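Chemist: Return atomic coordinates for the entry below.
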Amino acid sequence: MSDDGVRWVDFRKTLRPRYGIVWRDIGLCYLFLAVGVLAVAVASQVWPTWAAGALVGPAACWTGFWLHSLFLFGHEAAHANLAPRRRTNDRLGDWFVWLLYGSTTVNYRHTHMAHHAHLGDHDDTETTYHLCLSVLNMLKAVTGIHVLEVLLRKQRLGETRRKSSRTSSGLLASLRSFIVHAAIVAGLFVTGFHLAALTWVVAVGAVFPLLATVRTIVEHRHLEASCDVDFSVELHGPVNRLFGTGLVSRTFGSAGFNQHLLHHWDPAISYTRFEEMEEFFSRTPLAADMEASRTGYGAAVRTLILEARRG
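Modeler: I've put the predicted structure just below:
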């Protein structure tokens, strides 16, 4: 209850998603990730090959960044915040987000809800935060090794937790995504935009998984946790953070991930209403918890890297 006597159970009823903002943000993600590839495509036609080639790295980082931002809207779909009706929400999530990421809204929801129920314990289904920010782990992320480890782990979970229909739909979704990415790369290559095709490959295969790995670690890992601790054996415990609300924090924490603590307090609330949610809790005894969890992405990354160097 807030200091003016308003109960959260009553206030939350006013926080319906602003779907127009959600779809504006999804559209911007698509626009900006396309800009990176198109910039290289245009440069390859007007610049010398060496100059256009020098643009591949920065353009891949830009494109991978926006692929990562778009991915976070798959999470919004899992919480039914893309459209008022669940069936419509799931279909939109499948075709406008998960099309690029090898899953479906239903499949992701199935494992993700267990993450909310078991954050920090041994039944958590999303445990990337068990990794420290060491050079080895970042190399595993950027080379796709960590992605393969995650997929294998989810496959094992699927064998014990999922119905066969979900397993089949997951395989079909993976195949669908592979075809989409292959078509993008092949289309760019056969039309002579070889460097643009390379940009897409690097963005999808290296930059996106690196950013997704780092973000998850920064959101949930204890800052003082040593790399020597095996959290598959020892209990990590739940950790959530509030990051900044500036442009950089909002963009990297697309879909409200910069205010991830609030999401774990009430997973049903859309990121489009987090400002009102934070303002409400600032007038409750939980205000102290919010302030204690507040940090910046840069500060958290620096601390985690220093801890990784110490062991």
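Chemist: what sits against D121?
Modeler: Counting by Cβ atoms under 8 Å, 6 or more residues apart in numbering, D121 touches L235, H236, G237, P238. To be clear about C-beta, it is placed using only N, CA and C from the backbone, and glycine gets the same treatment.
Chemist: now do A80
Modeler: Applying Cβ under 8 Å, 6+ apart, the residues near A80 are R86, N89, D90, A268.
Chemist: which one is the second one nearest to, not counting chain neighbours?
Modeler: Closest residue in space to N89, ignoring its immediate chain neighbours: A83 at 4.3 Å, by Cβ to Cβ, 6 or more residues apart in numbering.
Chemist: ok so the one you found is a helix residue?
Modeler: No. Under DSSP: H, G, I helix; E, B strand; the rest coil, A83 falls outside any helix and is assigned coil.
Chemist: coming back round to it: which among the contacts of A80 count as buried?
Modeler: N89, D90 (16 or more other Cβ atoms under 10 Å).
Chemist: nearest to V35, of the contacts of A80?
Modeler: N89 (27.8 Å; Cβ to Cβ).
Chemist: Can you check the pLDDT for that closest one?
Modeler: On pLDDT, N89 comes in at 98.
Chemist: Please confirm that it is located within a helix.
Modeler: Yes. N89: assigned to a helix according to three-state DSSP.
Chemist: Surely it is in contact with N81?
Modeler: Yes. Between N89 and N81 there is a contact at 7.4 Å, judged by Cβ atoms under 8 Å.
Chemist: what about F280, which SS state?
Modeler: Going by three-state DSSP: F280 is helix.
Chemist: Offset the numbering so it begins at 4, please.
Modeler: With the count now opening at 4, the last piece we talked about shows up as F283.
Chemist: before we move on, back to that, and the residue nearest to N92, how far from Y33?
Modeler: The gap separating A86 from Y33 is 17 Å, by Cβ to Cβ, to the nearest Å.
Chemist: cool, and L151?
Modeler: From L151 across to Y33, the span is 27 Å (Cβ to Cβ).
Chemist: Just the element for the spatially most central residue of the chain, please.
Modeler: For the chain, the residue nearest the mean C-alpha position is L75 (4.2 Å; Cα atoms, centre = their mean). Per DSSP states H and E: L75 is located in helix 52-81.
Chemist: for that helix, which positions count as buried?
Modeler: Applying 16+ other Cβ under 10 Å to helix 52-81 flags 55-56, 58-59, 62-81 as buried.
Chemist: what's the answer for stretch 229-241, then?
Modeler: Using 16+ other Cβ under 10 Å as the test for burial, stretch 229-241 gives C230, F234, H239.
Chemist: what sits against the last one?
Modeler: It stands for H239. H239 neighbours (Cβ under 8 Å, 6+ apart): G123, D124, Y132, H133, R224, H225, A228.
Chemist: ok, the last one touching E310?
Modeler: Yes. Under the criterion of Cβ under 8 Å, A228 lies in contact with E310, with a separation of 6.8 Å.
Chemist: tell me, what's touching the two both at once?
Modeler: Contacts common to A228 and E310, judged by Cβ under 8 Å, 6+ apart, are C135.
Chemist: Quick check, pLDDT for R179.
Modeler: For R179, pLDDT reads 95.
Chemist: measure it to A46 for me?
Modeler: Taken as Cβ to Cβ, the span from R179 to A46 is 31 Å.
Chemist: Kindly report the same for F234.
Modeler: The value you get for F234 to A46, if Cβ to Cβ is used, is 45 Å.
Chemist: and if you look at L139?
Modeler: 34 Å.
Chemist: between the two, which one's more packed in?
Modeler: Legend: neighbour count by other Cβ atoms under 10 Å for L139 and A46, higher for A46 (20 against 12).
Chemist: Give me the distance between the nearest residue to that one once chain neighbours are set aside and S229.
Modeler: Using Cβ to Cβ, 6+ apart and skipping residues adjacent in sequence, the residue nearest A46 is A55, 4.2 Å away. Between A55 and S229 the computed distance is 45 Å (Cβ to Cβ).
Chemist: give me the element D127 is part of.
Modeler: With DSSP H and E as criterion, D127 is part of no helix or strand.
Chemist: Thought H121 was touching it, still the case?
Modeler: Yes. Assessed by Cβ under 8 Å, D127 is found in contact with H121 at 4.5 Å.
Chemist: Which one of those two is surrounded by more residues?
Modeler: Comparing D127 with H121 by other Cβ under 10 Å, the one with more neighbours is D127, at 20 against 15.
Chemist: Show me what stretch 271-281 is in contact with.
Modeler: So stretch 271-281 is contacted by 15, 17-21, 24-25, 79, 82-84, 245, 258-260, 262, 265-266, 269, 293 (Cβ under 8 Å, 6+ apart).
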